[in-house]
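Novice: Okay, predicted coordinates and the sequence, questions at the end:
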Amino acid sequence: MESYLKELNRMLDNLQNSKSPSLSETIQIRKGFGKYENERRTYDKGTPDYERIRRSELMNTENAIRYITSDIEAVGQRIENWKAEPLTYGGAETQERWKSKLLKKAVT
């Protein structure tokens, strides 16, 4: 998750500084009743569509950074508070029971 966060921050920097010479989007084009095809469109820097896509991607990237940061904190807390405990379900007794059931089915 931390490497993904680094990648998102790099993407955010690129979008904020408009480092990409062009941006692309995929749109659906209707090709008849109930038939659609995806079409990739690319827009050069300085066009209104480039700015529209850049603003949208900025917002999406900022949201993704917030979500992954929150996830990293939550998982980090769970790891810090984790302690080894016996299994409530699925311990040795349950494994033996399933093992005997599976062996009975394999024999018959």
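Specialist: Good, I have the coordinates.
Novice: elements contacting the helix ranked longest in the chain?
Specialist: Taking DSSP state H as the criterion, the chain has its longest helix at helix 48-81. Contact here means 3 or more CB pairs under 8 Å, 6 or more residues apart in numbering; DSSP states H and E; on that basis helix 48-81 packs against helix 2-16, strand 22-30, strand 36-44. Quick note: C-beta positions are derived from backbone N, CA and C, even for glycine.
Novice: How many residues are close by residue 56?
Specialist: Counted with other CB atoms under 10 Å, the neighbours of residue 56 add up to 13.
Novice: How much space separates it from residue 100?
Specialist: Note on residue 56: its distance to residue 100, by CB to CB, to the nearest Å, is 58 Å.
Novice: about what we covered before: residues of the longest helix of the chain that come out buried?
Specialist: Judged by neighbour count (16 or more other CB atoms under 10 Å), helix 48-81 contains these buried residues: 50, 53-54, 57, 61, 64-65, 68.
Novice: How about residue 19: what's its closest non-neighbour residue?
Specialist: Beyond its immediate neighbours in the sequence, the residue positioned closest to residue 19 (CB to CB, 6 or more residues apart in numbering) is residue 13, lying 7.7 Å away.
Novice: And residue 40, by the same measure?
Specialist: Once flanking residues are discounted, residue 40 sits nearest to residue 26: 5.3 Å by CB to CB, 6+ apart.
Novice: Relative to residue 84, how far out is that neighbour?
Specialist: Relative to residue 84, and taking CB to CB, residue 26 is found at 47 Å.
Novice: who's more crowded, the two?
Specialist: For residue 26 versus residue 84, neighbours defined as other CB under 10 Å are more numerous around residue 26 (8 against 4).
Novice: Done for today, thanks.
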